[in-house]
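> Pasting a predicted model and its sequence here:
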Amino acid sequence: MAKAIEKFWSWLADKRNFIFDRFTRDSQQTQEPEKSLIKLPLELQTKLVDALENLPSNPSDQQAIAKCLDQAYELWQENCNNANNSVVILSSPVTAVSRILFETLEEWAEQKQVLLKLLSLKARPIDIEDVASKLEQYLKSSDAVQNSAEHQREIVVIPNLSWCFLRSMEGLAGIEYLQLLLCNGSRNRFWIIGGDEVGWQYLNSIFGLEAYCGKVFTLPGINSGELQEWLEPVLQDLDIMFDNPRIDRQILDREKDNKTNYFEHLTDISRGVSTVAVQAFLKSIYYEEIDQDQNGKDIAQPQGKRLIAQTPQLPQLPDLESADQYLLYSLLLHGDLTIGSLAQSLGDLEMEVQTRVQLLCRKGVIQQQDRVIKINPIYYPRVKQVLTNNNFIISRE
């Protein structure tokens, strides 16, 4: 079990520079929140970003997942032949559910003294037609366990269900295979599956997957108190102060201090999505000169400057054409895509899709690195609202 976790973290270290980072830089464009960060001295930029990247996942997410796993696992242990042998953990499309899931599973597996069988897919295969055969090759090896003794039970972990499909004619065979395994009961096998709520909504509408799963759990949004506690080490390390809130909040919430007002507003605009909150937090930080006391000594930092968190704001979403909306929906559906896979999912020519991608990258709405693209998290709440208003199915009922 320890070797399995160690293997995953080794893989995660290789991938985190883009797929798993809370703050990622587009390889070709300067976007938010990076545009705001360049106003800070380079040393502070680096220190601030590194401090956020080194934070563990939001503890409330880990606690919620652990509780959900405990309940489902105990039911399964009582009767491994029942249909409630799986847990699906869903996050927002801009949250790295794999990262949160494995930071939780590392401790959970130690406590339960269980072995984890990790699906070894590192990304969506370039040839999506290969997904089903890869899954079968990986999962069929344990078919003998289906009729084996109780002590040979196993826990299968699929870190990211989004890597097992592509919305295309040939791209759903992997999900069909997984559905078959879940439908047949998978005796002596307990499933832990990570995914995002948009992709799950799509797959469930086609295959009715939820009917074959014991528990489907969506991560709750982070509240202002949890967000403040989570970011507190960064605030203290960099001695970040808080600006006065907007005048309306000063009037309505005059009994609250600046810090409390800040985090309530940050939670509100980020819709409780921690990845978005981190991006908006970064965008709100600026550098200002501070006064000196009568003895000529700086009140706060020796350089005579300090970091201030202004009222957080999300950037305005540029006007989107219909083609842009379908492109963004496909990215929410899959989490991240190569240009080729995106074109295949849209049924468009790759050159046409590349043109739209470049335009959206320049506007800051999406990010691209090594031909892999995803939505810039700081735009996610506004993109979600626009797509919902245009009748795209985004959230679970």
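Structure received. Model, not experiment: these values are computed from the prediction. Numbering: from 1, shown residues only.
> quick check: domain ranges of the chain?
What automatic domain parsing lists as the domains of the chain is 35-54+222-309, 59-218, 322-389.
> for these, which one sits closest to Gln316?
Gln316 lies closest to domain 322-389 among the domains of the chain, at 7.6 Å (CB to CB). No exception for glycine: its C-beta is placed from N, CA and C like everyone else's.
> Report the mean confidence score over that closest one.
In this model, domain 322-389 carries a mean pLDDT of 94.
> Parallel or antiparallel, which strands does the helix or strand that contains Ile308 pair with?
In this structure, Ile308 sits in strand 305-309 according to DSSP states H and E. Here strand 305-309 is paired, per DSSP bridges, with strand 241-242 (parallel), strand 285-289 (antiparallel).
> which secondary structure elements does the top strand by length along the chain contact?
The residue-count maximum for a strand in the chain (DSSP state E) belongs to strand 189-196. Using 3 or more CB pairs under 8 Å, 6 or more residues apart in numbering; DSSP states H and E, the elements in contact with strand 189-196 are helix 59-78, strand 86-91, helix 97-112, strand 154-158.
> I would like the residues contacting stretch 340-355, please.
124, 126, 128, 166-168, 171, 326-327, 330-331, 333-334, 337, 339, 357, 371, 373 (CB atoms under 8 Å, 6 or more residues apart in numbering).
> Name the residues of that stretch that are buried.
Under the neighbour-count criterion of 16 or more other CB atoms under 10 Å, stretch 340-355 has Ser341, Leu342, Ala343, Gln344, Ser345, Leu346, Asp348, Val353, Gln354 buried.
> of those residues, closest to Ile393?
When the buried residues of stretch 340-355 are compared against Ile393 (criterion: CB to CB), the nearest one is Ser345, at 15.7 Å.
> Where does the prediction get shaky in this protein?
1-30, 32, 81-83, 141-152, 185-187, 246-255, 290-304, 396-397 (pLDDT under 70).
> repeat that with 80
1-39, 79-84, 120-122, 140-153, 183-187, 245-255, 289-305, 370, 395-397 (pLDDT under 80).
> count of neighbours near Gly225?
When neighbours are defined as other CB atoms under 10 Å, Gly225 has 13 of them.
> and stretch 67-82, how far out from the chain's middle?
Relative to its chain's centre, stretch 67-82 lies at 26 Å (CA atoms, centre = their mean, to the nearest Å).
> In PDB, could you pull the C-alpha coordinates for it?
Extracted in PDB, the C-alpha atoms of stretch 67-82 (Å, rounded to 0.1, in the frame of the first residue of the first chain):
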ATOM      1  CA  LYS A  67     -16.200  10.500   6.500                       C
ATOM      2  CA  CYS A  68     -18.000   9.500   3.200                       C
ATOM      3  CA  LEU A  69     -15.400   6.700   2.600                       C
ATOM      4  CA  ASP A  70     -15.800   5.400   6.200                       C
ATOM      5  CA  GLN A  71     -19.600   5.100   5.900                       C
ATOM      6  CA  ALA A  72     -19.500   3.400   2.500                       C
ATOM      7  CA  TYR A  73     -16.600   1.100   3.300                       C
ATOM      8  CA  GLU A  74     -18.200  -0.100   6.600                       C
ATOM      9  CA  LEU A  75     -21.400  -1.000   4.700                       C
ATOM     10  CA  TRP A  76     -19.400  -2.900   2.100                       C
ATOM     11  CA  GLN A  77     -17.400  -4.800   4.700                       C
ATOM     12  CA  GLU A  78     -20.700  -6.000   6.300                       C
ATOM     13  CA  ASN A  79     -21.700  -7.500   3.000                       C
ATOM     14  CA  CYS A  80     -19.300  -7.500   0.100                       C
ATOM     15  CA  ASN A  81     -22.000  -8.900  -2.200                       C
ATOM     16  CA  ASN A  82     -24.300  -5.900  -2.100                       C
END
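> I'd like to know how many residues surround Ala109.
20.
> in terms of contact, does it touch Leu118 like I think?
No - if you go by CB atoms under 8 Å, Ala109 and Leu118 don't touch, sitting 10.6 Å apart.
> can the domains of the chain go into CSV with extra columns for distance to Pro315?
Output for the domains of the chain, formatted as CSV (distance: least, CB to CB, whole Å):
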stretch, distance to Pro315
domain 35-54+222-309, 8
domain 59-218, 15
domain 322-389, 6
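> of these, which approaches Ser395 most closely?
Taking CB to CB, domain 59-218 is the member of the domains of the chain nearest to Ser395, at 6.2 Å.
> tell me how far the ends of that closest one are from each other?
Using CA to CA, to the nearest Å, the end-to-end distance of domain 59-218 comes to 15 Å.
> start the count at 7, not 1, going forward
Done: numbering now begins at 7, and the last item shifts to domain 65-224.
> how far is it from where the chain is centred?
On CA atoms, centre = their mean, the centre of domain 65-224 falls 17 Å from the chain's centre.
> quick one: contacts for Trp114?
Per CB under 8 Å, 6+ apart, neighbours of Trp114: Ala72, Leu75.
> likewise Ser92?
Ser92 is in contact with Ala78, Leu188, Ser192, Phe196, Trp197, Ile198, Ile199, Tyr218, Cys219, Gly220, Lys221, counting by CB under 8 Å, 6+ apart.
> now those residues in CSV, with distance to Arg159 and neighbour count?
What follows is the contacts of Ser92, written out as CSV (distance: CB to CB, whole Å; neighbours: other CB atoms under 10 Å):
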residue, distance to Arg159, neighbour count
Ala78, 14, 22
Leu188, 16, 21
Ser192, 11, 24
Phe196, 7, 23
Trp197, 12, 22
Ile198, 13, 25
Ile199, 17, 25
Tyr218, 19, 20
Cys219, 18, 20
Gly220, 15, 19
Lys221, 18, 16
